[in-house]
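1. predicted structure and sequence below. I'll ask about it afterward.
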Amino acid sequence: MNSLSRRRFLKISGATIAFAGAATSMGTFVKGAEKVEEKTGSIVKGIQKIPTYCDVCFWKCGAIAYVKDGNLWKIEGNPDDPLSNGRLCPRGTGGIGASFDKDRLRAPLMRKSVRGEDKWVEVTWDEALGYIADKMKKIKVEYGPEAMALFSHGVGGNFFKHTIKAYGSPNITAPSFAQCRGPRETGFELTFGDVLGSPERTDIKNAKCLVLLGSHLGENMHNTQVQEFAEAVENDASIIVVDPRFSVAASKAKYFLPIKPGTDMALLLAWMNVIVKEELYDKEYVEKFEFGFEQFAAEIAENTPEWAYPVTGIDPKVIRETAREMAKNKPASLVHPGRHTTWYGDDAQRSRAIALLNALLGSWGRKGGFYTPYSTRIPGYPYPAYPKSEKGTADNPNHKYPFAEGELISTGLREATITGNPYPIKGWLVYATNLMQSLPNREETIKAIQNLDLMVVVDVVPSEITGWADVVLPESTYLERYDDLNTAPFRESFVSLRQPVIDSPNDQKPNWWMAKKLAEKLGLGNYYPWKNIEEYLDTRLKSAGLSLEIMKKKGVVKGPKQPIFYEDGVPPVFWTPSGKIEFYSLRLKEHGFDPVPKFTKHEEPPAGYFRLLFGRAPVHTFAKTQSNPILKDMMEENELWVNNDIARRYGLKSGQYIKLKNTDGIVSNKIKVKATERIRTDCVYMVHGFGQNSKRLRSTFLKGASDSQLVTKYNTDPLMGGTGMNVNFVTFEWEA
Ligand SMILES: Nc1nc2c(c(=O)[nH]1)N[C@H]1C(S)=C(S)[C@@H](COP(=O)(O)OP(=O)(O)OC[C@H]3O[C@@H](n4cnc5c(=O)[nH]c(N)nc54)[C@H](O)[C@@H]3O)O[C@H]1N2
Ligand SMILES: Nc1nc2c(c(=O)[nH]1)N[C@H]1C(S)=C(S)[C@@H](COP(=O)(O)OP(=O)(O)OC[C@H]3O[C@@H](n4cnc5c(=O)[nH]c(N)nc54)[C@H](O)[C@@H]3O)O[C@H]1N2
Ligand code: SF4
Ligand SMILES: [Mo]
């Protein structure tokens, strides 16, 4: 990237001046800079550069960490890494702060009183893991191994997954699926027979027209996507942003459509209506690959821009113009599938409509649309087979949600824990996921936890969820441990390594160590035939012609470049039952769902209430970085975006604190008002992850408000069990 695009990147990131300053004061990486090392005692004098990959979010950017005289100094992108291209996002750069968090967990803790009361004693690892293993053995005898469930997020969960499978439970889930990208995977799978995966296979940089529905790139900082977005902007791509809020992305757009929340389906149908009626679609592509196009065209014939106007609030002229703009640039017209797609409960169908619009534009498999990804095949470690469960998973009894695929339905496991149906769940192992912030309806989560015989949380800080545990296990941060290899599918195949940069300061341990020790205490040591993680990694790498030694030096190794577009000789393959793009879905019809997506009206806020919307800030990840001292300095609390007219009507001024009350009477912590033109009058907006209520995490305690606390209502997607969470309404409460 040249310096212009670097500037552009910072601008697009919406990051604060403070960040730009912080980045420069941290110095710049000079490729090939001399490594000066001199051993004095146990401390290495001089500068060491250690490649690893970032874990501040789950994009896994390749990085180089700098250690100066034995101390962690800074972290930058690894120029050889295809995900980071040599640059980290503001969160990645500030990631080193996690190691200096004063409130870090130091040793295993056991609860001294009732669940939810913060009273703990420090115990040894042997005691903590022994206690957990004893409880797990009892649960197995009494209820069967399926009664243990694992909630996890990120690559660090891999070894716990292995232990739980070896123990005999199939109940492994993650809120980063059914509360995140699950619906879009279902919508795309039903249409193209394939999912988007992570990183999603979007060719943003080559798009000539990029449509963002919600996807607030620049606030959502998934690194490669933001870099590519900057490139698209620089190449003068037509950007169309649809959002009830004037996002950072909107400020780069040719067209900004301030849509009425919850009505995107109507807009999508109207766009398709124009493109079909005016015969602007990619005829050759559609004719070659379609299944059920005629029925589809007939179904959407009524959905004219004039029909969509009163629903969405978007002028029919603008709908036509933007549809033509997309068509003009086809097939390099990318309607971004979004990632956090759990909005209103009809999300898989909305995602399917997005897939169909892309199909009309001929963008699936095409340059400037969706590429065909490649990943490195590294054989797994040879393990004994896992025991087979007779009962199946507990999240989706009787396949109520017929198109639930990928990860299990997290709220389904929660439900089973509360009701005992289809069978009892009695133990939760929670790895790196703050269920208090990530699952909707906190009360139900607490109810489920109170039904457990065992609740274990593995975390790095005393986050909210640790407060509900019986045993808390302190993990080493990502800069202090090895993790499993990253071989994510991407534009080119690659493998990257996470390796320790510094030692853990106290008695923290890496996940692989805990998972292995726990398995041994459960009598499942045969599932861990390797001595330590180095042996595990080296064995796997050697079976692919690499080695740990090489990976430790390079951090990332790339595979050969392969063609990834239809125009370069890679025709798209559709793994649908028809082998084609399913404009009309017989699978949906069979299960009683609309074979072509239809608009359904969503509930509107009652008088005096506003729809609660939420999203990301460039310098934080979910509810996981608020206590990181570097990132906290950049943003300590969230703000409530309120339209200027509404603020005036209610006498609210920017900077003043208020509380929010939802329609279930839940009152939030206080939050600072940001009165702005940049949001519609029917909704308010805040950044997710704040308003945390763990007293032991002093730096975040009640800083800002929590959207999650106010998300008491949710609409479950009937296709796949995702939870639409943009369905809560709030009003203002003044402090007494
Ligand atoms: N900095 C940072 N970046 C992140 C993350 C992070 O924690 N921090 N998390 C990562 C993860 S896991 C995810 S899933 C993604 C999430 O990022 P996205 O997938 O971009 O998230 P969304 O929830 O789709 O986007 C929120 C936006 O949708 C708008 N919106 C709300 N309701 C509607 C509606 O009805 N219609 C339309 N058109 N827009 C609406 C909101 O105003 C807001 O601008 O971000 C990723 N990137
Ligand atoms: N209301 C609401 N709910 C949401 C969302 C939203 O925007 N609003 N977003 C949804 C989306 S898109 C997603 S992907 C999910 C994400 O939700 P989660 O998976 O719950 O992600 P976080 O909230 O970041 O939880 C991370 C937890 O891991 C801990 N942690 C951090 N580093 C480490 C580590 O190295 N090891 C261990 N063991 N623990 C660590 C943190 O302290 C924190 O407790 O939430 C979903 N739920
Ligand atoms: S996007 Fe940012 S936080 Fe996420 S892995 Fe990459 S550098 Fe780290
Ligand atoms: Mo997500």
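-> That came through, no problem. Only a predicted model underlies this, so the values are computations on that prediction, with no experimental measurement involved. Numbers count the residues shown, from 1 in each chain. Ligands and ions are numbered 1, 2, ... in the order given.

2. nearest spatial neighbour of T411, skipping sequence neighbours?
-> T723 (5.7 Å; CB to CB, 6 or more residues apart in numbering). Every C-beta, even on glycine, is put in place using the N, C-alpha and C of the backbone.

3. so who does the one you found touch?
-> Applying CB atoms under 8 Å, 6 or more residues apart in numbering to T723 gives the contacts A178, Q179, T342, G345, T411, L439, P440, Y714, N715, T716, D717.

4. also I564?
-> Contacts of I564 by CB under 8 Å, 6+ apart are Y371, T372, P373, Y374, R491, V570.

5. most surrounded residue in those?
-> Within the contacts of I564, most neighbours by other CB atoms under 10 Å means Y371, with 23 neighbours.

6. quickly note the distance from the closest residue to that one other than its chain neighbours to ligand 1.
-> By the measure of CB to CB, 6+ apart, the closest residue to Y371 outside its immediate chain neighbours is I564, 4.1 Å from it. Going from I564 to ligand 1 by CB to the nearest ligand atom, to the nearest Å gives 23 Å.

7. just the pLDDT at I564, thanks.
-> You'll see I564 listed with a pLDDT of 97.

8. D395 now?
-> Confidence at D395, expressed as pLDDT, is 98.

9. got the residues of the stretch 1-150 of the chain near ligand 1?
-> Within the stretch 1-150 of the chain, the positions near ligand 1 by CB under 6 Å from any ligand atom are C57, R91.

10. which residues touch whichever residue of the stretch 601-736 of the chain sits closest to ligand 4?
-> Of all residues in the stretch 601-736 of the chain, F622 sits closest to ligand 4, at 7.7 Å by CB to the ion. Listed by CB under 8 Å, 6+ apart, the contact partners of F622 are C57, N434, Q437, S438, H688, G689.

11. and with 10 Å instead?
-> 57-58, 153, 175-176, 433-434, 437-438, 616, 688-689, 708 (CB atoms under 10 Å, 6 or more residues apart in numbering).

12. closest to ligand 3 among the contacts of T723?
-> Q179 (18.3 Å; CB to the nearest ligand atom).

13. against M436, how distant is whatever residue of the stretch 51-200 of the chain ends up closest to ligand 1?
-> Across the stretch 51-200 of the chain, the shortest distance to ligand 1 (CB to the nearest ligand atom) belongs to C180, at 4.6 Å. Distance, C180 to M436, using CB to CB, to the nearest Å: 16 Å.

14. likewise for D484?
-> Distance, D484 to M436, using CB to CB: 27 Å.

15. please name the bridge partners of the residue nearest to T411.
-> T716 (DSSP bridges).

16. how much space is there between the nearest residue to the residue of the stretch 51-200 of the chain closest to ligand 1 once chain neighbours are set aside and K288?
-> Once flanking residues are discounted, C180 sits nearest to H340: 5.5 Å by CB to CB, 6+ apart. Look at H340 and K288: by CB to CB, they are 33 Å apart.

17. okay, the two: which has more neighbours?
-> It is H340, of H340 and K288, that has more neighbours when counted by other CB under 10 Å, with 21 against 13.

18. check what pLDDT the more buried one gets.
-> pLDDT, H340: 98.

19. look up the closest residue to I164, ignoring the ones flanking it.
-> Nearest to I164 is L150, by CB to CB, 6+ apart, at 4.6 Å.

20. gap between the one you found and W73?
-> 36 Å.

21. about what we covered before: with neighbour numbers in mind, choose between D484 and M436.
-> Just comparing D484 and M436: by other CB under 10 Å the higher neighbour count belongs to M436, 23 against 20.

22. once you drop chain neighbours, what's closest to that one?
-> E464 (4.0 Å).

23. can you count the residues close to that neighbour?
-> Other residues lying near E464 total 24 when counted by other CB under 10 Å.

24. same check on the one 3 residues further on?
-> With neighbours defined by other CB under 10 Å, the count for G467 comes to 21.

25. is it fair to say it lies in a helix?
-> Yes - assessed with DSSP: H, G, I helix; E, B strand; the rest coil, G467 lies in a helix.

26. for it, list the residues it contacts.
-> By CB under 10 Å, 6+ apart, the contact list for G467 reads 111, 115-118, 120, 436, 457, 693-697.

27. hmm, 6 Å instead?
-> Counting by CB atoms under 6 Å, 6 or more residues apart in numbering, G467 makes contact with D118, S694.

28. same thing with I96?
-> Neighbours of I96 in contact, by CB under 6 Å, 6+ apart: L72, I75.

29. who's in contact with the longest helix anywhere in the chain?
-> When the chain is parsed with DSSP state H, its longest helix is helix 125-143. For helix 125-143, the surrounding residues in contact (CB under 6 Å, 6+ apart) are 108, 147, 424, 426-427, 453-454, 456, 471, 517-518, 521-522.

30. can you list which of the residues you listed are found in helices?
-> Among those, the members falling in helices (DSSP H) are K517, L518, K521.

31. which residue sits closest to the last one, ignoring its sequence neighbours?
-> The reference is to K521. Closest residue to K521 apart from its sequence neighbours, by CB to CB, 6+ apart: A133 at 3.7 Å.

32. around ligand 2, which positions in the stretch 301-450 of the chain sit nearby?
-> H340, Y431, A432, T433, N434, Q437, S438.

33. wait, the third one touches H153, no?
-> Yes - taking contacts as CB atoms under 6 Å, A432 lies within contact range of H153: 4.9 Å.

34. okay, the two: which has more neighbours?
-> Neighbours were counted for A432 and for H153 using other CB under 10 Å; A432 has more, 26 against 20.

35. return the residues of the chain in contact with ligand 3.
-> So far as CB under 6 Å from any ligand atom goes, the chain lies against ligand 3 at 54, 56-57, 59-61, 88-89, 91-92, 221-223.

36. related to what we said a few turns ago, and the pLDDT for the residue nearest to T411?
-> So T723 comes in at 98 (pLDDT).

37. could you do V114 as well?
-> 84.

38. returning to that earlier point: okay, and which of the residues of the stretch 301-450 of the chain next to ligand 2 map to strands?
-> When DSSP state E is applied, these are split such that Y431 fall in strands.

39. taking the residues of the stretch 301-450 of the chain next to ligand 2, tell me the two that lie furthest apart.
-> Using CB to CB, the pair of these lying farthest apart is H340 and Y431, separated by 20.9 Å.

40. so the residue of the chain found nearest ligand 3, which of the three states?
-> Nearest residue of the chain to ligand 3: G92, at 2.5 Å (CB to the nearest ligand atom). At G92 the chain is in helix, as set by three-state DSSP.

41. distance of it relative to ligand 4?
-> Using CB to the ion, to the nearest Å, we find G92 at a distance of 17 Å from ligand 4.

42. repeat for D101
-> For D101, the distance to ligand 4 equals 23 Å [CB to the ion].

43. where along the stretch 351-500 of the chain do the strands fall?
-> Taking DSSP state E, counting those that start in this stretch as the test, the strands found in the stretch 351-500 of the chain are 427-431, 454-459, 471-474, 494-496.

44. for the second one, packing partners?
-> Identification of packing neighbours for strand 454-459 by 3 or more CB pairs under 6 Å, 6 or more residues apart in numbering; DSSP states H and E yields strand 427-431, strand 471-474.
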